[in-house]
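>>> Output the structure for:
(2 chains)
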Amino acid sequence: MSDKKLCAAFAIAGAFATAVALAETAKAANDQEKCFGVSLKGKNDCAAGPGTSCAGTSKTNYQGDAWKYVPKGTCTSIVTPKGKGSLEPISH
Amino acid sequence: MTTSADVDQAAFVRALLEPELPPPNELETPGGFPPERRFAVYRNNVCVGLVDALAERFPICAQLVGDEFFRAMAQCYVRERLPRTPMLFEYGDAFPAFVSEFEPARELPYLPDVARLEYAVGAAYHAADAAPLPLDFLRAFPHERLDSATAVLHPSTHVVASAYPIVSIWRRHMSDDEMTPVELDHGEEALVVRPELAIKVAALPVGGSAFVDALRNGRTFGEAMNAATAVAADFKLIDCLRELLLTGAFVALSVAH
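Numbers count the residues shown, from 1 in each chain, chains lettered A, B, ... in the order given. Sure, this is the predicted structure:
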C-alpha cells in the first residue's frame, strides 16, 4: 500500500469513528417518538390511513391516524383542540 | 356501460384523452342514454382520479404553486402520460421532467427538483424493508479496513442533488412553524431513507450524492471517497457519514479478504 493510499485509509477510518460518535450523541439528544393526532393538515410525517402515500398528505388538522415526530416523552402532554396526542392511532 | 370485446384499445385511449373526439364507436349504453354523455363522465373520472393521485404524491409541490395551478398542471401531465402499469404508486415518475418543461412553472426553477425529492420520498416509502445496522455494531467495526470495505444500503435509499436548497424548502413546508423565506443562493443534496417504516430526509454535504451512488454501485468506501472529492475537493466525509448513520442507511458492511 502506497503512503497516499495509507493516508486515505486512515482518513476514512478516523472520519467513520468520529461520525459514529456524533451520531450516537445526536440520537441520544434527539430521541423522538411517533405522536398521533397532533399534526396540522398536510404537515404529518406519515399518515397510516388507507390510500395515503405518506408525508404531508393528512387531510385535516390533528387527524387521528396521522403522526408526527416529537421529542420522546412529550407526545401525550401535547394538547390540541381535539384532545391530547397519543402514541397509538386515535379515532376522533 | 359495456363495450364489446373488439373495441380498438388505441381508439378508446385517444377518445379518453381528447374531449373533442366522439366516444369509441362500439360503445353500448343501457336505457338509451347518449353515449357521449356517459363517456364524458367516465373521461372526467379517470382524469380527476389521476390528478388526485399526483396531488397526493407531490403535496409540497402543490403547496408551492397552489392547488389550482397544481391541478391544471397535473391535468396536462395526465393528458400526455397515462399510467403504464396498474400500480398507482409508480405514477408520476416522469412528472418532475414534465414540470421542468412546463412553461408556466418556469418562475419556480426549483420546482422540478422538489418534485424529484417528493418522488424519491414516495419511492422510499414503498421500497422493501431492511434492518439498519445498530450504532454499537458500527462502533466495533474494524475502521482501518473500511477503505476497502463495501456497504449494502437500505433498499429505500435515494439521493437527489439540486442547484437549489430543496431539503430546506421541503422541511419548511413540512414544519408547523410559521413560514419564513428560504435563501435560494445554494444547492442541496437530499438523502432519503425509510428505516423502521418512517421517512427521513437529510441534507448531505456537496459530493454526498456521488458518495452514496458509488457505494450503492458496490464501490468501496475508498472509491466512493474519490467519487465525492471529484465533485467537491473539500468533501466533508464526516458530515456525510453522520447523516448516513443517523438515517439508518447502512444495512451491511463487508470487508474484502
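>>> Which pLDDT value goes with the residue positioned nearest the centre of chain A?
The centre of chain A sits closest to A:Tyr69, judged by Cα atoms, centre = their mean, with a distance of 4.5 Å. With respect to pLDDT, A:Tyr69 has a value of 76.
>>> B:Glu101 now?
For B:Glu101, the predicted pLDDT is 96.
>>> now the one 3 residues further on
At B:Pro104 the predicted local distance difference test score is 94.
>>> Over to A:Lys84?
On the pLDDT scale, A:Lys84 gets 81.
>>> Same check on A:Ala55?
In this model, A:Ala55 carries a pLDDT of 63.
>>> could you give the mean pLDDT of stretch B:71-91?
In the prediction, stretch B:71-91 has an average pLDDT of 91.
>>> who touches that stretch?
A:53, B:13, B:16-17, B:47, B:50-51, B:53-55, B:57, B:65, B:92, B:94-95, B:98-99, B:102, B:104-105, B:122, B:126 (Cβ atoms under 8 Å, 6 or more residues apart in numbering or on different chains). Backbone N, C-alpha and C define where each C-beta goes, glycine included.
>>> Sort out for me which of those are in strands.
Within the contacts of stretch B:71-91, no residue falls in strands by DSSP state E.
>>> re the thing from before, hang on, the residue nearest to the centre of chain A packs against A:Glu33?
Yes - if you go by Cβ atoms under 8 Å, A:Tyr69 and A:Glu33 touch, sitting 7.3 Å apart.
>>> ok so, going back, tell me the secondary structure at the residue nearest to the centre of chain A.
Here A:Tyr69 is strand, with the state taken from DSSP: H, G, I helix; E, B strand; the rest coil.
>>> what sits against it?
So A:Tyr69 contacts A:32-35, A:45, B:198 (Cβ under 8 Å, 6+ apart).
>>> same question, B:Arg216
Neighbours of B:Arg216 in contact, by Cβ under 8 Å, 6+ apart: B:153, B:157.
>>> switch the cut-off to 6 Å
Residues in contact with B:Arg216 (Cβ atoms under 6 Å, 6 or more residues apart in numbering or on different chains) are B:Leu153.
>>> and if you look at the one 4 residues further on?
With Cβ under 6 Å, 6+ apart as the criterion, the residues that contact B:Thr220 are B:148, B:150.
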